[in-house]
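*Asks:* Got a predicted model here, sequence first, then my questions.
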Amino acid sequence: VEDTSLGRLSEAIMTLSDSALLTGGARLDALVPGADTTGILRNLKRTGVDPDLGPRMRPWVGYLMLGMTECEYQRLNAGKRRLDSEIVRIGEDHGIGAIGLETTEQHLQSLAATSDEHQLEMLKASLRLAPRMADVNETLVQLYLSRDLAAMAALRRALGKKLGVSDAALEAFQEAEIESRTRRMRDRATGHLQQGGVFMAVGAEHVPGKSGIIALLTEAGLKLTPIE
């Protein structure tokens with residue numbers, strides 16, 4: 001994604017208001033009675049979303065908000081860039097243009113397309129996990145640094161099961177958050193890669209496995225060579 005700023009995220013959420021807001025007077029805090037949703041509302045406010053709309057957001061928005069740690073918000077508010085935007089900046093410094101493999105709206109639409117039932121399962125699990133989210137992120141960083149990318153997806157599944165998420169919900173979010181987006185990235189990148197002279201970067205969870213970008217690009221007729 002070319003622009004990963006909080007302002008851009010807020011703009012995308014509001015653009016997708018039909019997919020982001022509950023209907024019929026329903027409220028997010030009523031869907032998860034007794035749960036502490038203050039973290040969701042605080043993070044929504046940080047992105048610039050109207051605080052009054054917070055309780056009316058669909059579960060996928062809450063799930064998304066809980067995925068970012070306090071440390072990450074502090075970095076972004078201090079003017080630091082997320083990795084996608086940093087790669088764009090490096091390219092610009094060298095006179096090289098950048099093309100996003102997806103838009104922020106497309107990413108969010110993938111989450112919004114899952115059923116409300118599955119969204120609610122993932123949100124409840126995220127609320128229970130929220131106090132340990134920084135630990136989870138650090139674990140993911142260490143798995144990445146040890147080059148064990150497949151274990152990142154295994155960790156997501158193991159945590160989901162421990163937190164009571166059904167197999168159906170885990171599969172739905174694996175498809176929405178990883179696999180469908182990987183196929184989109186493949187489609188967006190293939191023509192550019194065939195022309196050559198392209199540096200392509202994707203999130204680590206989009207790389208391994210039969211549905212990962214390596215397998216998909218190979219199936220598309222491209223030859224990939226690992227560089228150690």
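*Replies:* All right, it came through fine.
*Asks:* for the longest helix along the chain, packing partners?
*Replies:* Identified as the longest helix of the chain according to DSSP state H is helix 180-195. Identification of packing neighbours for helix 180-195 by 3 or more CB pairs under 8 Å, 6 or more residues apart in numbering; DSSP states H and E yields helix 104-112, helix 213-219. Any C-beta I mention is one placed from the backbone N, CA and C, and that applies to glycine too.
*Asks:* Just the residues contacting stretch 117-135, thanks.
*Replies:* Under the criterion CB atoms under 8 Å, 6 or more residues apart in numbering, residues 31-32, 35-37, 39, 58-60, 62-63, 66-67, 69-71, 111, 136, 159-160, 163-166, 168-169, 172-173 lie in contact with stretch 117-135.
*Asks:* Which ones among the residues you listed map onto helices?
*Replies:* Per DSSP H, the subset of the contacts of stretch 117-135 in helices is 31, 39, 59-60, 62-63, 66, 70-71, 111, 136, 159-160, 168-169, 172-173.
*Asks:* picking up where we left off before, buried subset of the contacts of stretch 117-135?
*Replies:* Among the contacts of stretch 117-135, those scoring as buried are 31-32, 35, 37, 39, 58-60, 62-63, 66-67, 69, 111, 136, 159-160, 165, 169, 172-173 (criterion: 16 or more other CB atoms under 10 Å).
*Asks:* re the thing from before, just the CA coordinates for the longest helix of the chain, please, in CSV.
*Replies:* Presented in CSV, the C-alpha positions along helix 180-195 are these (Å, rounded to 0.1, in the frame of the first residue of the first chain):
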residue,chain,number,x,y,z
SER,A,180,-7.5,-13.4,-1.4
ARG,A,181,-5.1,-10.4,-1.0
THR,A,182,-2.2,-12.6,-2.1
ARG,A,183,-4.0,-13.4,-5.3
ARG,A,184,-4.7,-9.7,-5.8
MET,A,185,-1.0,-8.9,-5.4
ARG,A,186,-0.1,-11.7,-7.9
ASP,A,187,-2.5,-10.3,-10.5
ARG,A,188,-1.3,-6.7,-9.9
ALA,A,189,2.4,-7.6,-10.1
THR,A,190,2.6,-10.3,-12.8
GLY,A,191,2.7,-7.9,-15.8
HIS,A,192,5.3,-5.6,-14.2
LEU,A,193,7.5,-8.6,-13.2
GLN,A,194,7.4,-10.0,-16.8
GLN,A,195,8.7,-6.6,-18.0
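*Asks:* Give the buried residues for it.
*Replies:* Buried-residue list, helix 180-195, by 16+ other CB under 10 Å: Ser180, Arg181, Thr182, Arg184, Met185, Arg186, Ala189.
*Asks:* Setting the sequence-adjacent residues aside, check what's closest to the last one.
*Replies:* By that I understand Ala189. Setting aside the residues directly before and after it, Ala189 is nearest to Met200 in space (CB to CB, 6 or more residues apart in numbering), at 5.5 Å.
*Asks:* With the fourth one instead?
*Replies:* Taking CB to CB, 6+ apart as the measure, Arg184 lies nearest to Glu102, with 5.4 Å between them; neighbours along the chain are not counted.
*Asks:* So the one you found sits against Val1, correct?
*Replies:* Yes - contact criterion CB atoms under 8 Å: Glu102 and Val1 qualify, at 6.4 Å.
*Asks:* where in the protein is pLDDT low?
*Replies:* The chain contains no residues with pLDDT under 70.
*Asks:* In terms of position in space, what residue lies nearest the middle of it?
*Replies:* Central residue of the chain (CA atoms, centre = their mean): Glu177, 6.3 Å from the mean position.
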